[in-house]
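Q: What follows is a predicted protein model with its sequence.
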Amino acid sequence: MRITIFTYDREEMLKSLLNELADKRHFKHIVDDGSPWAKERSLTSDTVYHQRLAHAGKQGFWMRWAQAHIACMDSYDDWFLFLADDVKDINMEAIEALTKQGWHNSLVAFNVVNDGRANCWGPYKTGQKDIEVSGIKYHEVGFVDCGFLTNRHTLSQITIDPVDPKRFDNTALSSGVGKQLTLKFRELRVKMMNPTPSLCYHGDHPSKMHPEERKNTPLISK
């Protein structure tokens, strides 16, 4: 399993997340959107590649995902976990258990944060069939946000396309990446699931990318 971590200017949170993952053999790819501190300090190691890129912000977040997607497809891994830098208390045992269920050739995606949303980016009819793996229940929800687990078979079916710049005329809207992923997965009939309980947690700290919207719709999962 390959772990991609998207980060911008939250050094201590990023280091804390890496510490949580330190005893795992999985390769970690940090996609850094130009954090100022990273000019002087790289976190690259034997199991971590810290890739610092020019700052693109919310409008350019799709480019960071496009770069991560290419890196995943160029790897030899079968499963891919995407995380934000501000999550913590990750239930890696439950996540690893999902990769051992024989779903390598299935169209599946598992959100790792359950922040209480039952739907997102419009209505979508799902099979509404719960599953249980290692004591964790998963409910089909018909959307993914930017923190989820999926396999090579699913990820290889999509590309990450540019987001229309006109979207950002409305400052209340997010990066558009989660919506793009969701709509592409829906077209493919990917089974998208939410865990109960959440497999990791957001806190109530401000968002670097989307501060105003997060005041109104906080992603607090604990």
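A: Structure received.

Q: what's near enough to touch residue 110?
A: 95, 98, 138, 148-150, 192-193, 195 (C-beta atoms under 8 Å, 6 or more residues apart in numbering). Where you see a C-beta, it was placed from the backbone N, CA and C, and this is true even at glycine.

Q: and which of the residues you listed is nearest to residue 24?
A: Closest approach between the contacts of residue 110 and residue 24, by C-beta to C-beta: residue 95, at 9.9 Å.

Q: ok, that closest one touching residue 149?
A: Yes - using C-beta atoms under 8 Å, residue 95 makes contact with residue 149 at a distance of 5.8 Å.

Q: on that earlier part again, could the contacts of residue 110 go into TSV alongside neighbour count and distance to residue 61?
A: Output for the contacts of residue 110, formatted as TSV (neighbours: other C-beta atoms under 10 Å; distance: C-beta to C-beta, whole Å):
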residue	neighbour count	distance to residue 61
95	24	23
98	25	26
138	23	27
148	24	15
149	26	20
150	24	18
192	27	20
193	26	24
195	22	24
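
Q: how about a markdown table for the residues you listed, with distance to residue 36, pLDDT and secondary structure added?
A: Listed next are the contacts of residue 110 as a markdown table, based on distance: C-beta to C-beta, whole Å; pLDDT from 0 to 100; DSSP: H, G, I helix; E, B strand; the rest coil:
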| residue | distance to residue 36 | pLDDT | secondary structure |
| --- | --- | --- | --- |
| 95 | 31 | 98 | helix |
| 98 | 36 | 98 | helix |
| 138 | 39 | 97 | strand |
| 148 | 28 | 98 | strand |
| 149 | 31 | 98 | strand |
| 150 | 32 | 98 | strand |
| 192 | 35 | 96 | strand |
| 193 | 37 | 96 | strand |
| 195 | 34 | 97 | strand |
